[in-house]
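Asks: heads up, no residue letters with this:
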């Protein structure tokens, strides 16, 4: 049984959940365990760019949304933000993890933990208003197959931001504006990385996109040792 974690259920994660679950449900791996991870609650102000059917905790809402329609799959909700204390309980050896968060500190925590595992797949995506990127980190038998999240991203390695659980309600309410089309594009690029990984095509482990120029640019990179 594959274990798939979807961390962050906002603009990117809510769409990615829909795409990945539908794809996996009609594949040989349809008996996978899907874990929804997010400590946040849905807010009506985000209806313009997020998929949700009701308010409350995002992770719990997503679990209830899918478990009635996909009986062969298992779902669990983890209504917490990822931090140094719970990361080992969330991402375990052999897991496939989609990282849909909007801060570099959480990405850094996930990257550091993943480097300690023998086997894992981390697919991370993010976006600004009209552009963004997605990247894939694969570790197999204790060896980096593709670059880690921090190898080519000093902004993740040397983060200056804070995780959501460290921010006040006032700070959270002042989040940068997001565009639904950029959110969906980041989610789709993450899905393509997952598809390519499933078919053992991992040479191109990162892709950038720009909605205004209508261009995508994939990268061939080696892990930094």
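Replies: Received it, and whenever you're ready, just let me know what you need. Quantities reported herein were computed from a predicted structural model and do not represent experimental measurements. Numbering: from 1, shown residues only.
Asks: contacting residues around stretch 78-91?
Replies: 5, 7, 35-40, 57-60, 97, 101, 106, 109-110, 113-114, 117, 120, 163-165 (C-beta atoms under 8 Å, 6 or more residues apart in numbering). Every residue, glycine included, has its C-beta placed from N, CA and C.
Asks: Kindly apply the preceding question to stretch 12-20 instead.
Replies: 4, 6-7, 9, 34, 36, 38, 50-52, 58, 62, 66, 98, 100, 125-127, 183-184, 186-188, 190-191, 194.
Asks: got it, and stretch 186-206?
Replies: 12-13, 15-16, 19-20, 23, 96, 98, 100, 121, 123-127, 132-138, 145-147, 152, 207, 209, 216, 218-221.
Asks: hmm, which of those are the buried ones?
Replies: 12-13, 15-16, 20, 96, 98, 100, 121, 123-127, 132-138, 146-147, 152, 207, 209, 218 (16 or more other C-beta atoms under 10 Å).
Asks: Inside helices: which ones of these?
Replies: Among the buried ones among the contacts of stretch 186-206, the members found in helices (DSSP state H) are 13, 15-16, 20.
Asks: how about the helices in this structure?
Replies: Under DSSP H, the chain gives helices at 13-25, 58-67, 87-90, 104-114, 154-157, 169-173, 180-198.
Asks: Confidence-wise, which of these is weakest overall?
Replies: Averaging pLDDT over each of the helices of the chain singles out helix 169-173 as the lowest, with a mean of 58.
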